[in-house]
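Q: Sharing a model that was predicted from the sequence below.
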Amino acid sequence: MTYIVTEACIKCKYMDCVEVCPVDCFYEGENMLVINPNECIDCGVCEPECPAEAILPDTEDGLEELLELNTKYSEEWPNITIKRDAPADADDWKDKDGKMEHFSPNPGQGD
C-alpha cells in the first residue's frame with residue numbers, strides 16, 4: 001500500500017503534507033503535488049493534514065489512474081520538503097469536482 005495525491009489537489013496545492021512527511025516523498029508540479037509510491041512508507045501522517053482531503057490510500061477503488069499519475073510525475077517533478085503558501089485562490093478551488101481538465105504536466109519549483 002501507498003498513499004497518493006488525487007485530483008482534489010489540482011489548483012489548491014496546499015503544502016501542509018510536505019512538512020509532516022518523514023521520508024520527503026512529495027514532488028511538486030505547477031498546480032498540484034504527487035507522492036512517489038516507491039518512497040512512501042505508508043505511515044499516513046500526510047492524509048489528515050490535507051485541507052482538500054486530496055490524499056488517499058491506493059487501496060481505495062478507482063485510483064489506478066491516479067497511482068500511475070503519481071508514479072510518472074514523481075519521477076519528473078522536483079522534490080518538495082518545505083511548506084510554502086498555497087495559491088491565493090486555493091480556497092475557491094478546494095471543493096470543486098472534475099479538476100483533471102486543469103491538470104498541468106509542468107514541474108513546480110521544488111525546494
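A: It's in.

Q: Every contact and neighbour count from this point should use C-alpha atoms.
A: OK.

Q: hey, where'd the strands end up in the protein?
A: Using DSSP state E, the strands found in the chain span residues 3-5, 26-28, 33-35, 55-57.

Q: Let me see the contact set for residue 109.
A: 28-30, 78 (C-alpha atoms under 8 Å, 6 or more residues apart in numbering).

Q: follow-up on the earlier one: let me know which of the strands of the chain is tucked in deepest.
A: Among the strands of the chain, ranked by average contacts under mean count of other C-alpha atoms under 10 Å, first place goes to strand 33-35 (a mean of 30).

Q: what sits up against that one?
A: With C-alpha under 8 Å, 6+ apart, strand 33-35 has contacts from 3-5, 9-10, 13, 25-28, 69-71, 73-74.

Q: what do you get for stretch 42-61?
A: For stretch 42-61, the external contacting residues (C-alpha under 8 Å, 6+ apart) are 1-9, 12, 14-18, 20-21, 64, 67, 94-95.

Q: Of those, which belong to helices?
A: Per DSSP state H, helices hold the following members of these: 16-18, 20, 64, 67.

Q: Would you write out the PyMOL command that picks the buried residues out of these?
A: Filtering the ones in helices among the contacts of stretch 42-61 down to the buried ones (16 or more other C-alpha atoms under 10 Å) takes a single PyMOL command:
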select buried, resi 16+17+18+20+67
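
Q: just the ones in helices among the contacts of stretch 42-61 now: which is nearest residue 87?
A: Using C-alpha to C-alpha, residue 16 comes nearest to residue 87 of the ones in helices among the contacts of stretch 42-61, at 12.9 Å.

Q: count of neighbours near the residue lying closest to that closest one once chain neighbours are set aside?
A: In space, and not counting its chain neighbours, residue 16 is closest to residue 49: 5.8 Å by C-alpha to C-alpha, 6 or more residues apart in numbering. Neighbour count of residue 49, defined by other C-alpha atoms under 10 Å: 18.
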